[in-house]
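Colleague: Sharing a model that was predicted from the sequence below.
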Amino acid sequence: MALGLVLRRFAARLPLWALVLAEASFVPAAYGFAFAWNWLVLWLVPLEMWEPFEQTLPAAAALLAVPVALVPARFRARGFAILTLLYSLIIYGDLIYLRYFGKVLPILAFRSGAQIWDVRDVVFDYTRRGDAWLLPGLLGAGLTWIFWPRRSAARGLPFWLILAGDALIVVGCLAVVRPVRGVVDRWLASDRSWRVLNGTDAVQDSGFLVAHVKEIARAVRSLSEDGRISAAELLQVKTFHRLRAAQPTDDADFGIARGTNVILIQVEGMQRWVVGTRYAGQEITPFLNRLRDSSLFFDNVFDETGDSSTSDCEYMVLNSQYPLSQGSVAFRRDANHFVTLAHAFKEASYSSFAGHAYAAGMWNRAVLYPKYGFDAAAFQPEFGAGPKLGWGIGDKPFFERAVPMLRGLPQPFLAMLITLTSHTPYQYIPASEQRLKLGPIEGTSLAGYLQSMRYVDEALALFVEKLRASALLENTTLVIYGDHESRMGFPPAWGRALDLPPETVRRLATRDLATRKIPLFVVLPERLRVAPRLINTIGGQVDIGPTVLHLMGRAAPLSFIGQSLLPEHAGHALRIDGSAVNAEHLFNSHAGGRCETFGDWRAEARAACGDLERSTREELAISWRVTLLDLAGEISGKRPAKALAKR
């Protein structure tokens, strides 16, 4: 900007070579910005620098200089301003994404960019004061646009000389940036590129710009391979699913709830540890604590969601396939021919309904619900306005208004209700609804989370009573589960008043994989007189649908990769980053891989988790093929018609 003012004031007195040099200086300026920004991202997240970072950085910084160099000299000042603005916005998005999801902003996430206003509270909550360091770049870009002279110094030179000068600058930048291709090619050829892009690792390893190049390269490769599968590969996918479907049907639980209505209640952000836990002697979830003692309670259900947490859970519960390694199925594969839990119930002459008191476009639900097989759906307009808590109406009025909708459905029915109030950043519960006295942690994210869980607990209690009063409860099976873990770390000192072992608090505070569990309740009608039980089968969200069908006495579609958690068995769960857990080991794929024994969490050599790591990789690869190649109908032998999902 200062240079622009100088040129405006003294352009007539400066030699032509100085003016041309001033315009060319935007290329090294862009290089300097990119060099500094790569360091800045590490500092602001914050992240530890890995050894290859410094080796890659000189070439990585040229990724901003190259597009600036490609802009003709006469437009370079404004090209620099536009590119600086664009890169600043991408960096800001990366900072939010790295803090919340632990990876850079995927290119595929731009498809859901229209929802940025909907998640503004999350964006604000994960913005830090240090992010203001991005402002000088934005300010400089704006002032350069305003103050740089409109007339280019290059106009006084012959065209061939201008072209030669621009070409020389571009060639120089390309020479500097060339090593990036080698870095990306080696990564694509490695095993790491076939797993989900771990943005934290990629940024620590080679900077945020190269992390984006890797992510784009992998997305391009994925698109080029999406449509190809050989007959032998298809047979492998079908065989894998057929073996999964071979489960016992002679146990006492099979068909025990046959013919009952089913209500799936997907609770936002509810993590397993809150059930049964007290803070300073106060029950966090008194209703759910009582419910646990009168239902089938599944104690080892792990969160298997990826970036698109709530949408991923919805997809897994209904389709019993894992989320994609990048982007949301809701946007990437919304044209698929899905075979879902709702379709399975429709074969038993059930009606179906889905309710969520938010915009129909969120996670593309208006498009997906008919394809998922729902006969009817209700969103924000149907549930009505206020009182608003956070994103939409509070969960208490949501459940209260859902009961008449359920009562009007043809029975038997399958319904899915998705809550909203307990969404991060856990700041939506008003003082009038806060029941817990949290003393030293008041005002913290942990305090907000505990108050949110208590509010949801009361909302669920209200819902059950409304169902009882409407005579629906006597023939309804309730399936209540958390959609994903809280995604909230906190200083261990905040958890001292929780009646949990110190080691558990430490792991919760650091979001350790061992604690990333969700609760799963199956509440059967009292008239069935089923004794309450604690089920320790290890599983995840892909297993919820098959478990529900097992209780209904129905076989799961052959396209389901999950298995029923009943009868009780060892089981396993996995995540799209390659982490997994079974009855023997827990394997954490991050930071080079960590292997621990299950239950007592003793560290072991990575080789001890070798079989678990390999089977996880195979299962993910098969599941991703089912989704990316739209194979559910082929595997199940079904092609369900699109439902109405009328509103």
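Modeller: Right, received. Where do you want to start? Only a predicted model underlies this, so the values are computations on that prediction, with no experimental measurement involved.

Colleague: Can you give me the end-to-end span of stretch 523-536?
Modeller: 17 Å (Cα to Cα, to the nearest Å).

Colleague: Please compute how far that stretch lies from its chain's middle.
Modeller: 33 Å (Cα atoms, centre = their mean, to the nearest Å).

Colleague: mean confidence for stretch 136-146?
Modeller: Stretch 136-146 shows a mean pLDDT of 82.

Colleague: List of residues touching stretch 82-89?
Modeller: By Cβ atoms under 8 Å, 6 or more residues apart in numbering, the surrounding residues in contact with stretch 82-89 are 30, 33-34, 37, 64, 67-68, 134, 137-138, 140-142, 144-145. For glycine as for every other residue, the C-beta is placed from the backbone atoms N, C-alpha and C.

Colleague: hmm, try it at 6 Å
Modeller: 67, 68, 134, 137, 138, 141 (Cβ atoms under 6 Å, 6 or more residues apart in numbering).

Colleague: And stretch 459-479, by the same measure?
Modeller: Residues contacting stretch 459-479 (Cβ under 6 Å, 6+ apart): 257, 260-264, 287, 395-396, 399, 403, 407, 522-525, 548.

Colleague: Let's see if you can find the most crowded of the contacts of stretch 82-89.
Modeller: Neighbours here mean other Cβ atoms under 10 Å. Within these, the largest count is held by residue 68, at 26 neighbours.

Colleague: Excluding chain neighbours, what is closest to that residue?
Modeller: Of all residues not flanking residue 68 in the chain, residue 30 sits nearest, at 4.1 Å (Cβ to Cβ, 6 or more residues apart in numbering).

Colleague: Show me which helix or strand of this structure is least confident by mean pLDDT.
Modeller: helix 2-10 (a mean of 47; mean pLDDT, DSSP states H and E).

Colleague: and the closest residue to residue 410 other than its chain neighbours, how many neighbours?
Modeller: Nearest residue to residue 410, sequence neighbours excluded (Cβ to Cβ, 6+ apart): residue 351, at 4.4 Å. Neighbourhood size, residue 351 [other Cβ under 10 Å]: 18.

Colleague: shouldn't residue 351 be in contact with residue 373?
Modeller: No - applying Cβ atoms under 6 Å as the test, residue 351 and residue 373 come out as separate, 10.8 Å apart.

Colleague: Quote the end-to-end distance of stretch 293-306.
Modeller: 31 Å.

Colleague: Show me which positions of that stretch end up buried.
Modeller: Buried residues in stretch 293-306, counted by 16 or more other Cβ atoms under 10 Å: 295, 296, 297, 298, 300, 301, 302, 303, 304, 305, 306.

Colleague: Also stretch 394-405?
Modeller: 394, 395, 396, 397, 398, 399, 400, 401, 402, 403, 405.

Colleague: for the third one, helix, strand, or coil?
Modeller: Judged by DSSP: H, G, I helix; E, B strand; the rest coil, the three-state class of residue 396 is helix.

Colleague: tell me the contacts of it?
Modeller: When contacts are counted by Cβ under 6 Å, 6+ apart, residue 396 touches 459, 462.

Colleague: Kindly report the same for the first one.
Modeller: Residues near residue 394 by Cβ under 6 Å, 6+ apart: residue 421.

Colleague: Show the model's pLDDT score for it.
Modeller: pLDDT recorded at residue 394 is 96.

Colleague: what separates it from residue 383, distance-wise?
Modeller: As for residue 394, its distance to residue 383 is 11 Å (criterion: Cβ to Cβ, to the nearest Å).

Colleague: Provide the partner residues of the residue nearest to residue 410 in its beta bridges.
Modeller: Residues in a beta bridge with residue 351, per DSSP bridges, are residue 413.

Colleague: so who does it touch?
Modeller: 375, 409, 410, 413.

Colleague: Any of those buried? List them.
Modeller: If we count by 16+ other Cβ under 10 Å, the contacts of residue 351 have these buried: 375, 409, 413.

Colleague: Low-confidence regions, the stretch 101-250 of the chain specifically.
Modeller: 101-102, 107-115, 117, 149-162, 191-199, 222-227 (pLDDT under 70).

Colleague: close enough to count as contact, residue 517 and residue 273?
Modeller: No - using Cβ under 6 Å, residue 517 is not in contact with residue 273, being 7.3 Å away.

Colleague: sorry, back to before: state the number of residues packed around the residue nearest to residue 68.
Modeller: Residues contacting residue 30 under the criterion other Cβ under 10 Å number 27.

Colleague: Pretty sure it sits against residue 64.
Modeller: Yes - shown here, residue 30 and residue 64 form a contact pair, counting by Cβ under 6 Å, at 4.7 Å.

Colleague: Residue 479 belongs to a helix?
Modeller: No - note on residue 479: no helix contains this position according to three-state DSSP, which reports strand.

Colleague: Please tell me how far it sits from residue 289.
Modeller: 18 Å.

Colleague: Repeat that for residue 144.
Modeller: 61 Å.

Colleague: These two: which is more packed in?
Modeller: residue 144 (21 against 16).

Colleague: now for the helix or strand where that one lies, which elements pack on it?
Modeller: Assigned by DSSP states H and E, residue 144 belongs to helix 135-147. Judged by 3 or more Cβ pairs under 6 Å, 6 or more residues apart in numbering; DSSP states H and E, helix 135-147 is in contact with helix 76-100.

Colleague: And the helix it packs on, what's buried?
Modeller: Result for helix 76-100 [16+ other Cβ under 10 Å]: buried residues 76-85, 87-88, 90-100.

Colleague: That one vs helix 135-147, what angle?
Modeller: Helix 76-100 and helix 135-147 meet at an angle of 160 degrees, taking axes from the mean of the first three to the mean of the last three Cα atoms, to 10 degrees as the criterion.

Colleague: gap between residue 559 and residue 147?
Modeller: The gap separating residue 559 from residue 147 is 61 Å, by Cβ to Cβ.

Colleague: Pick out whichever of these two has more residues nearby.
Modeller: Legend: neighbour count by other Cβ under 10 Å for residue 559 and residue 147, higher for residue 559 (25 against 16).

Colleague: List the contacts of the more buried one.
Modeller: Counting by Cβ under 6 Å, 6+ apart, residue 559 makes contact with 339, 632, 635, 636.

Colleague: Equivalent analysis for residue 61, please.
Modeller: 31, 34, 35.

Colleague: repeat that with 10 Å
Modeller: For residue 61, the contacting residues are 30-39, 176-177, 180, 207, 209, by Cβ atoms under 10 Å, 6 or more residues apart in numbering.

Colleague: again with residue 531
Modeller: So residue 531 contacts 294, 296 (Cβ under 10 Å, 6+ apart).

Colleague: Quick check: residue 122 touching residue 96?
Modeller: Yes - assessed by Cβ atoms under 10 Å, residue 122 is found in contact with residue 96 at 7.6 Å.

Colleague: Please name the nearest non-neighbouring residue to residue 29.
Modeller: residue 80 (6.9 Å).

Colleague: how far away is the one you found from residue 170?
Modeller: 15 Å.

Colleague: what's the answer for residue 297, then?
Modeller: Taking Cβ to Cβ, one finds residue 297 at 64 Å from residue 170.

Colleague: same deal with residue 396?
Modeller: On the measure of Cβ to Cβ, residue 396 and residue 170 end up 62 Å apart.

Colleague: Ok, residue 268 next?
Modeller: Separation of residue 268 from residue 170 (Cβ to Cβ): 50 Å.

Colleague: Show me which of those two is the more surrounded one.
Modeller: Neighbour count, other Cβ under 10 Å: between residue 268 and residue 170, residue 268 has more, with 23 against 17.
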